[in-house]
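**Q** Build me a model:
(chains A and B, ligands or ions: 2)
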Amino acid sequence: MSAHDPADGLPEHPERLWSSPEPERSYDVVIVGGGGHGLATAYYLARNHGITNVAVLEKGWLAGGNMARNTTIIRSNYLWDESAGIYEHALKLWEGLEDDLGYPLLFSQRGVLNLAHSLQDVREGVRRVNANRLNGVDAEWLDPGEVGEVCPIVNVSPDVRHPVLGATYQPRAGIAKHDHVAWGFARAAAAMGVHLIEHCEVTGIDVEGGRVRAVQTTRGRIAAGRVALCAAGHSSVVAGLAGVELPLQSHSLQALVSDLLEPVHPTVVMSNAVHVYVSQAHKGELVMGAGIDACNSYRQRGAFHIIERQMAAALELFPVFARAHVLRTWGGVVDVSPDASPVVGLTPVDDLYVNCGWGTGGFKATPGVGWCFAHTVAHGEPHPLNAPFSLERFTTGALVDEHGAAAVAH
Amino acid sequence: MLLIPCPWCGPRDEVEFHYGGQAHVAYPEDPGSLSDAEWARYLFFRDNPKGPFAERWSHTAGCRRWFNMVRDTATNEIHAVYRPGEPRPVVA
Ligand SMILES: Cc1cc2nc3c(=O)[nH]c(=O)nc-3n(C[C@H](O)[C@H](O)[C@H](O)COP(=O)(O)OP(=O)(O)OC[C@H]3O[C@@H](n4cnc5c(N)ncnc54)[C@H](O)[C@@H]3O)c2cc1C
Ligand SMILES: [Zn+2]
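**A** Ligands and ions are numbered 1, 2, ... in the order given. Modelled structure (predicted):
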């Protein structure tokens, strides 16, 4: 690799990361969905609980869903104790994950700014900083001058339509290389005996006497002691196969990258009010996310007006981007819940477990939710950190309303 | 970007519209008699099909009226638009 290669610093891959076994006719645990969450769950089932007779079934290719499409922002600065619990657990795991998996993830703790553009934003931000600190999460409130010191290319002039009035700052937040995260988990899980089976769509779930027995797939029937759903955008469809209804709506969520630039953007900047979030990838592209498309959709592409709005917001915040070019745009399908928090836990069907509803923000949770969901599946009861995220909360009313801290318009 | 045929104004760009979620969700007839689980269903559970979906739209930048539309969430094909109070058309 030459010193000028734009991919400089990216590690070489071994030729093969995992093998592709034929599916067995039966497993102790079948995980539906081979995204980051399914792979992390498989890994921790094997590593923490010694359960290795596990298959991860993926209808496409491994981690080709939202795992390959997200903007990789990792942070734990959510408002409520329940969220701080699970996201901070994840962030602590991220901090040791490269060593744990023995695989480079390019985890970069470059910090995240969540900008405030109105008095209400300021109050909400200051409240969240205080809540974060009470939960042991690193957080600071920055005035516009300090925002400009952390990220000099942000326009902090008061003369713009949505002036920056301040920002929350989490220094330990950052980004990681999403493909590597998936491959790292996949490789480590496969090494412990987990079967990773691609091009295997789950088309039915057999339930007898209130208990899950097997999944029907495009590669035949596979019996299962337990079934764990990690199907992100398709959660409603997959759970529906077992007669389980979920309080979710699927939407397109888009992102885009620019051509390669010199290092100009040292941190991650998110703006809930004007619907853009930006970081600079290791290679040099500006990575930008937007809000969800309003209408329900299972299409992995969204509407152009969303991108136009996102670019308008980006240009106001970062005038220096005016000469950058859009290189490519894409979309994922995200499953959004009524309180902008995930649904993780048991279902009305015995031995059927669900992990879904992470909406626009589940990448950051990957190790944390894998850890907790593996515990839930192994013990047949929720891990304390995912217990508040049960399906029952919609009946009891104990919602975990994170619309403010979810930071993506939805 | 969708080209949405408003039943009053004709085809207009999606940016003129506001989305209102699932259509035909009736307010409970006897609210006082609902259990917590039934309230949860009414408040938080909506259909989320991969395929034809009857949904509400408002032509906010035009006639400002609400109407219903059957759209395929997997293909974006618009099967039908119809006025409030009209029954959901049968689509193939
Ligand atoms: C544009 C975009 C930007 C985002 N940005 C961020 C961000 O910056 N930070 C953050 O924390 N989160 C972000 N997210 C959200 C994050 O990507 C998701 O919450 C997270 O990836 C969901 O978990 P997962 O990785 O397992 O999902 P996925 O990778 O989508 O995995 C689900 C898998 O299930 C498979 N599947 C579905 N149905 C079946 C079936 N019937 N049989 C077999 N397999 C099936 C799918 O093919 C898919 O591979 C973003 C998402 C998008 C789309
Ligand atoms: Zn109209």
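**Q** so for the longest helix anywhere in chain A, what's the average pLDDT?
**A** Ranked by residue count and defined by DSSP state H, the top helix of chain A is helix A:81-101. For helix A:81-101, mean pLDDT rounds to 98.
**Q** Within the sheet, what are the partner strands of the next helix or strand after that helix, with directions?
**A** Downstream of helix A:81-101, the next assigned helix or strand under DSSP states H and E is strand A:112-116. In the sheet, strand A:112-116 lines up against strand A:166-170 (antiparallel), strand A:268-271 (parallel) (DSSP bridges).
**Q** The shortest one: how far from the chain's middle?
**A** What that stands for is strand A:268-271. 16 Å (CA atoms, centre = their mean, to the nearest Å).
**Q** same question, stretch A:60-79
**A** That offset, for stretch A:60-79, works out to 3 Å (CA atoms, centre = their mean).
**Q** can you tell if that stretch touches ligand 1?
**A** Yes. Using CB under 6 Å from any ligand atom, stretch A:60-79 comes into contact with ligand 1 via A:60, A:63-67, A:69-73. Yep, even glycine has a C-beta here, placed from its N, CA and C like the rest.
**Q** again with stretch A:204-217
**A** No. Stretch A:204-217 lies apart from ligand 1 when judged by CB under 6 Å from any ligand atom; the minimum separation is 7.3 Å.
**Q** Buried residues, that stretch. List them.
**A** A:205-207, A:212, A:214-215, A:217 (16 or more other CB atoms under 10 Å in any protein chain shown).
**Q** related to what we said a few turns ago, so which of the strands paired with strand A:112-116 is nearest ligand 2?
**A** Shortest distance between ligand 2 and these, using CB to the ion, is found for strand A:268-271: 32.2 Å.
**Q** For my notes, please list the strands paired with strand A:112-116 in TSV and give mean pLDDT, mean neighbour count and distance to ligand 2 for each entry.
**A** Below are these laid out as TSV (pLDDT from 0 to 100; neighbours: other CB atoms under 10 Å in any protein chain shown; distance: least, CB to the ion, whole Å):
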stretch	mean pLDDT	mean neighbour count	distance to ligand 2
strand A:166-170	98	25	40
strand A:268-271	96	25	32
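**Q** Using JSON lines, please lay out those together with distance to ligand 1.
**A** Shown next, in JSON lines, are the strands paired with strand A:112-116 (distance: least, CB to the nearest ligand atom, whole Å):
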{"stretch": "strand A:166-170", "distance to ligand 1": "13"}
{"stretch": "strand A:268-271", "distance to ligand 1": "8"}
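**Q** Mind putting the ones you listed into JSON lines with distance to residue A:32?
**A** Shown next, in JSON lines, are these (distance: least, CB to CB, whole Å):
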{"stretch": "strand A:166-170", "distance to residue A:32": "33"}
{"stretch": "strand A:268-271", "distance to residue A:32": "31"}
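**Q** List the backbone torsions phi and psi for the closest residue to ligand 1 within the stretch 1-150 of chain A.
**A** Ligand 1 sits closest to residue A:35 of the stretch 1-150 of chain A, with a gap of 2.1 Å, by CB to the nearest ligand atom. Reported as degrees, to the nearest 10, the phi and psi values for residue A:35 are phi -90, psi -170.
**Q** Quick one: residues contacting it.
**A** Residue A:35 is in contact with A:58, A:63, A:65-67, A:182, A:230, A:232, counting by CB atoms under 8 Å, 6 or more residues apart in numbering or on different chains.
**Q** Name the nearest residue to the residue minimising distance to the centre of chain A, sequence neighbours excluded.
**A** Geometric centre of chain A, nearest residue: residue A:363, 1.8 Å, by CA atoms, centre = their mean. Of all residues not flanking residue A:363 in the chain, residue A:70 sits nearest, at 4.6 Å (CB to CB, 6 or more residues apart in numbering or on different chains).
**Q** for the stretch 301-410 of chain A, what are the low-confidence residue spans?
**A** A:407-410 (pLDDT under 70).
**Q** Could you give the bridge partners of the closest residue to residue A:381 other than its chain neighbours?
**A** Nearest non-adjacent residue to residue A:381, counting by CB to CB, 6+ apart: residue A:346, 7.5 Å away. For residue A:346, the beta-bridge partners are residue A:353 (DSSP bridges).
**Q** Any chance of the backbone angles for residue A:237?
**A** Note on residue A:237: backbone dihedrals following degrees, to the nearest 10 are phi -70, psi -50.
**Q** what's the pLDDT at it?
**A** 98.
**Q** same question, the one 3 residues further on
**A** Reading off the confidence values, residue A:240 has pLDDT 98.
**Q** now swap in the one 4 residues further on and tell me
**A** On the pLDDT scale, residue A:244 is placed at 98.
**Q** where along chain A do the helices fall?
**A** Using DSSP H, helices in chain A cover A:36-49, A:81-101, A:119-134, A:144-150, A:178-191, A:235-240, A:304-317, A:366-379, A:393-396, A:403-406.
**Q** Pick the most deeply packed of these.
**A** Highest mean neighbour count among the helices of chain A (mean count of other CB atoms under 10 Å in any protein chain shown): helix A:36-49, with a mean of 27.
**Q** and that one, what's its mean pLDDT?
**A** The average pLDDT for helix A:36-49 rounds to 98.
**Q** before we move on, the earlier item: could you single out the nearest of the buried residues of stretch A:204-217 to chain B?
**A** Using CB to the nearest CB, residue A:205 is the member of the buried residues of stretch A:204-217 that lies nearest chain B, at 15.9 Å.
**Q** hang on, that closest one packs against residue A:217?
**A** No. Look at residue A:205 against residue A:217 with CB atoms under 8 Å: they stay out of range, at 10.2 Å.
**Q** before we move on, the earlier item: residues near the residue nearest to residue A:363, how many?
**A** Per other CB atoms under 10 Å in any protein chain shown, the neighbour tally for residue A:70 reads 23.
**Q** ok, now residue B:20?
**A** Residue B:20 has 17 neighbours, counted by other CB under 10 Å.
**Q** Quick one: classify it as helix, strand or coil.
**A** strand (DSSP: H, G, I helix; E, B strand; the rest coil).
**Q** do the same with the one 5 residues further on
**A** Here residue B:25 takes the coil state, with states given by three-state DSSP.
**Q** so, in contact with ligand 1 or not, the longest helix of chain A?
**A** No. Using CB under 6 Å from any ligand atom, helix A:81-101 never reaches ligand 1; the gap is at least 9.0 Å.
**Q** Name the surrounding residues that touch that helix.
**A** A:43, A:74-76, A:78, A:104-105, A:107, A:109, A:131-132, A:135-137, A:172-173, A:176, A:181, A:184-185, A:187-188, A:341, A:364-369, A:371-372, A:385-386, A:388-389, A:400, A:402, A:405.
**Q** got the angle between that helix and helix A:119-134?
**A** Orientation of helix A:81-101 against helix A:119-134 (axes from the mean of the first three to the mean of the last three CA atoms, to 10 degrees) gives an angle of 60 degrees.
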